[in-house]
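J.: Let's see this in three dimensions:
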Amino acid sequence: MSDNIAKVIQGAASFVDQIRQSKRIPEKYILVTFSDPVDLEKSRVTNDADEMINWINGLTVSGGGDCPEYSLSGLITGATLSNFNSTIYIYTDAPAKDESRETEVIEILQRKTITPKFRLRNECGGRRKREIGRYKRQSSVYDSIAQATGGDVERFSSSQDLADKVQEDLMSELSFIQSNSSQAIIQNNLPTSISIIKWKSTHADQLTNIEVDNSVDSLRIEINGTSNSSEIHLRHPNGSLVDSGSRDVTLQYSDNLTIFLIESPSKGLWTLENIVSNPLKINITANSSFDISSSLREISSEGFFYPLNGNPVSGKEYVIVVLLENLPANSSISSIVLVDEKGNAVTTTVANLLSVTPNLQYFAKTKIFKQIAGVQIHGQDSTSQQFIRTCKHTINPVDVTLKMKLFIGDLSLSNIEQLEYNITNHGGNNRSLTLDVSDDKGYIVDNRSIHFHISPGESENKLVFIRGTQPSTIVTVTASLKDEETHIVLQKLTQKLTVSSAIRPTCNLTSLGDTCQNQRGNGSNCFDIPWQGSAQVNFSGIRIASLDVSSSSVNLTHGPLWSFYGPLDVTLQGDCCTRSIVLTATDNDGFIAQCRFQLFPEDSSNNIITDSSEPIDEKETVLNLTVLGAAIGGGLAGIVILTTGVLLKIRHSSLKSLKVKDDTDIQIEISRVEKPDENKTAHFEAFMLREPIVSSAPAESFFGRVH
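T.: Residues are numbered from 1 along each chain as shown. From the prediction side, this is the model:
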């Protein structure tokens, strides 16, 4: 890993250093770091090349852990920050841990006409042979993305080959930028895309306003339903009538379709009038660097926004988030409008600023009661000229929800596993529904189609059974919830699962030890009463990375941790001053199993903890770097020559889980909580933090309480 990363860092820093010496220096540099876990993703922007180079050179390589990384999440961020018609280079030696986002990646790359170029080193540099076999199949996701977006994939067997390719790619882009700078100045050709202004259905004598702002290079107006072009009147902002003889206007007509093509249209308010009784469908698009996209999000109880999975519930409040790309300088945004398929406004809400960097986003809270076909943003440019941008966004509110219970880990090879779905009726009527569940490998073994009735306000859980029969395969499971009367699909969920021959660890208490219970109440000091218990950790096809206990006064004795197969016998020894003890076994992928030793009769029914948490990443945090070319500054304000992204995979150390035998800091911290009378019997109860800790300084993994 380190040799791969060092070469990529060197190439990226060299690229920034040389591009800043060219005739057309970048207006800004963007550094995106994305992590495992993915929620540590960050972005930094600067117009100072020295600062960018310092950021790049300041990234270090250390640590280790599981091989796959959240590379697709980083690619999505890089594509979001990139301009249209860009090229992004991805250099990595790891498969994608978030390959379920493949469809998202393809959508944004296709929408922005971005070409990805994947440069792959042998995965994880040959480290961890078991994991390579498990994750190597995932590199095919890179091939799928490249094939769908016109990109390419190259693989290299050594770090030097990869380093040579880094230099070749970056110097090629540098040469292109330098050689095309003067041509770009002459052409003054903004990287434009087809932006939707609006669509509208009109009747006789109705006027349709067409807002043309300063970013519009050309205008296309399609009118469907005309028998000839004389049935409509298109007028300039000055009121004059547009005809086929007008300068920079091309008029086309065929099969009841009239099309106006207008180059360099006058800025202002154009009008289109339907002078016949026939209803007309109008679609207005423009070549413009300014465009928008939208997403619908749910609101958590804490007020945070998160992506909606499935259709929204009718009448529930949601958030519409609009991302604005290349908004003209000194423009203002006034409102967000939801429109139907005829272009009529359904709801109009004041737009609120959500973020400026790395993405300019506005949001509006709204309740949705009817089908939505698109989202509009309304505002004014620097000359007070009104503008509208629209994006297609179909929203179908329904009265039922479908959720899949989180499936932790992989499907165990040849074992029958259960998938649990929850269905809730939020409406006021009884519903007859069908839950259809299928997969692309034929692994579903039972309950493929479930018919049921559900009353208003009720929830039901349905189980579907699946058995993976081929190791190292990825199965896509699709669940559809349909109305039995109309056969309309109300909700649809897709989940990708991996079949693995590995068996995650389980912890079984084999001996609780009765010393503490027998000696309770005899007046002895708890420090003088020894205690011993034992447990067995079972696993297969993986390694146990660590064993931890929740009390620093307990000693562990166990066999070596290098084996791929259990069981592993563990002996715990301590005194009776601890009310309960938790033993935690963590495998190499971060999955945990726990046993609780309850040393006293109370709460003794809860001796074993069964884990259903997500894997934790205590061993490392993985950073990735995206170097993005941006708008060329100086006399070329706003003119983009090329956007080049470079995804670099960087690692740095994170916190190790704190082992109890070395945990002197914990003992000191406990004494600060309360220093008990030495003559009194004290019991300390400790709970291990399950969340990953991210910090540059030592942190405590326990909360303590003396009582």
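J.: Go ahead and list the helix or strand containing Trp270.
T.: strand 268-274 (DSSP states H and E).
J.: And Thr494, by the same measure?
T.: strand 489-500.
J.: So the residue nearest in space to the middle of the chain: helix, strand or coil?
T.: The chain has Ser73 as the residue nearest its centroid, 5.1 Å off, counting by CA atoms, centre = their mean. When classified by DSSP: H, G, I helix; E, B strand; the rest coil, Ser73 comes out as helix.
J.: For it, give me the pLDDT.
T.: Ser73 is assigned a predicted lDDT (pLDDT) of 82.
J.: Renumber starting at 45 from here on
T.: Sure, I'll start counting at 45 from here, so that last one is Ser117.
J.: Quick check, it in contact with Arg145.
T.: Yes: assessed by CB atoms under 8 Å, Ser117 is found in contact with Arg145 at 6.5 Å. (C-beta placed from N, C-alpha, C; glycine too.)
J.: who touches both of the two?
T.: By CB atoms under 8 Å, 6 or more residues apart in numbering, Ser117 and Arg145 have no common neighbours.
J.: Just after the strand holding Trp314, pick out the following helix or strand.
T.: strand 324-332.
J.: Identify the residues contacting that following strand?
T.: 236-247, 252, 254, 256-257, 259-270, 276, 316, 318, 387.
J.: give me that answer again for 6 Å
T.: 236, 238-246, 252, 254, 259-269, 318 (CB atoms under 6 Å, 6 or more residues apart in numbering).
J.: Next one: Leu556 from Gln576, what distance?
T.: To Gln576, Leu556 is 10 Å away according to CB to CB, to the nearest Å.
J.: So which of these two has more stuff around it?
T.: Leu556 (20 against 15; other CB atoms under 10 Å).
J.: The more buried one against Trp575, yeah?
T.: No: contact criterion CB atoms under 6 Å: Leu556 and Trp575 do not qualify, at 9.4 Å.
J.: The residue nearest to Asp527 when sequence neighbours are not counted: how many residues sit nearby?
T.: Distances taken as CB to CB, 6 or more residues apart in numbering put Leu534 closest to Asp527, at 6.0 Å, once the chain neighbours are dropped. By the measure other CB under 10 Å, the count of residues near Leu534 is 20.
J.: go on, Asn632?
T.: 21.
J.: same question, Gly289
T.: 7.
J.: ok, so what distance separates it from Leu295?
T.: Distance from Gly289 to Leu295, by CB to CB: 9 Å.
J.: do the same with Val614
T.: 83 Å.
J.: more crowded one of those two?
T.: Val614 (22 against 16).
J.: quick revisit: next up, the contacts around the residue nearest to Asp527.
T.: Here Leu534 is in contact with Val442, Val444, Leu525 (CB under 6 Å, 6+ apart).
J.: if you set the cut-off to 8 Å instead, what comes out?
T.: Asn355, Val442, Val444, Leu446, Leu477, Leu525, Lys526, Asp527.
J.: Show me what the mean pLDDT comes to for stretch 549-567.
T.: For stretch 549-567, the mean per-residue pLDDT is 76.
J.: next one: stretch 434-452
T.: 92.
J.: before we move on, what about stretch 291-303?
T.: 85.
J.: Show residues contacting that stretch.
T.: Contacts of stretch 291-303 (CB under 8 Å, 6+ apart): 264-273, 275-276, 286-288, 304-309.
J.: can we see that at 10 Å?
T.: 262-276, 278, 280, 286-289, 304-310, 322, 324-327 (CB atoms under 10 Å, 6 or more residues apart in numbering).
J.: and stretch 284-299, how far out from the chain's middle?
T.: Centre-to-centre, stretch 284-299 and its host chain are 46 Å apart (CA atoms, centre = their mean, to the nearest Å).
J.: That one: which residues count as buried?
T.: Neighbour-count burial for stretch 284-299 flags Val286, Val293, Leu295 (criterion: 16 or more other CB atoms under 10 Å).
J.: what do you get for stretch 551-562?
T.: Going by 16+ other CB under 10 Å, stretch 551-562 has these buried residues: Cys551, Leu553, Leu556, Gly557, Thr559, Cys560, Gln561.
J.: Also stretch 614-625?
T.: Val614, Leu616, Gly618, Asp619, Cys620, Cys621, Thr622, Arg623, Ser624, Ile625.
J.: How about stretch 419-438?
T.: For stretch 419-438, by 16+ other CB under 10 Å, it's 419-425, 429, 431-435, 437.
J.: Which of those residues sits closest to Asn127?
T.: The closest of these to Asn127 turns out to be Arg433 (CB to CB; 16.6 Å).
J.: Look at that closest one and give its secondary structure.
T.: Under three-state DSSP, Arg433 comes out as strand.
J.: residue contacts, the residue lying closest to it once chain neighbours are set aside?
T.: In space, and not counting its chain neighbours, Arg433 is closest to Ile336: 4.7 Å by CB to CB, 6+ apart. Taking CB under 10 Å, 6+ apart, we find Ile336 in contact with 239-240, 366-371, 380, 404-406, 419-421, 432-435, 437.
J.: give me phi/psi at Glu146?
T.: phi -60, psi -50 (degrees, to the nearest 10).
J.: Just to check, it is in contact with Tyr186?
T.: Yes: with contacts counted by CB atoms under 10 Å, Glu146 reaches Tyr186, the gap being 9.5 Å.
J.: list the residues that contact both of these two?
T.: Joint contacts of Glu146 and Tyr186 (CB under 10 Å, 6+ apart) are Leu116, Ala140.
J.: element containing His422, please.
T.: strand 416-424.
J.: Do a quick rundown of the helices in the stretch 45-194 of the chain.
T.: With helices called from DSSP state H, counting those that start in this stretch, the stretch 45-194 of the chain shows them at 46-63, 93-101, 115-125, 146-155, 173-179, 184-193.
J.: of all those, which lies closest to Arg341?
T.: Comparing the helices of the stretch 45-194 of the chain by CB to CB, helix 146-155 comes nearest, at 14.5 Å.
J.: got the contact list for the closest one?
T.: For helix 146-155, contacts defined as CB under 10 Å, 6+ apart pick out 115-117, 119-124, 126, 128, 130, 132, 140, 142-143, 158-160, 184-186, 188-195, 237, 335, 337, 351, 435, 538, 540.
J.: which of the residues you listed are buried?
T.: Buried among the contacts of helix 146-155 by 16+ other CB under 10 Å: 115-117, 119-124, 126, 128, 130, 132, 140, 142-143, 158, 160, 185-186, 189-190, 192-193, 195, 237, 335, 337, 435.
J.: give me the low-pLDDT residue ranges for the chain?
T.: The chain contains residues with pLDDT under 70 at 45-49, 51, 65-72, 77-87, 104-112, 166-183, 215, 217-236, 562-568, 645-751.
J.: burial count for Pro281?
T.: 15.
J.: Look at it and give its secondary structure.
T.: When the rule is three-state DSSP, Pro281 gets the label coil.
J.: For it, grab phi and psi.
T.: phi -60, psi -30.
J.: What distance do you get for it to Asp196?
T.: Noted for Pro281: a distance of 46 Å to Asp196, by CB to CB.
J.: again with Ser458
T.: Counting by CB to CB, the gap from Ser458 to Asp196 is 38 Å.
J.: My understanding was that Val489 contacts Leu463; is that so?
T.: No: with contact defined as CB under 10 Å, Val489 does not count as touching Leu463 (11.0 Å).
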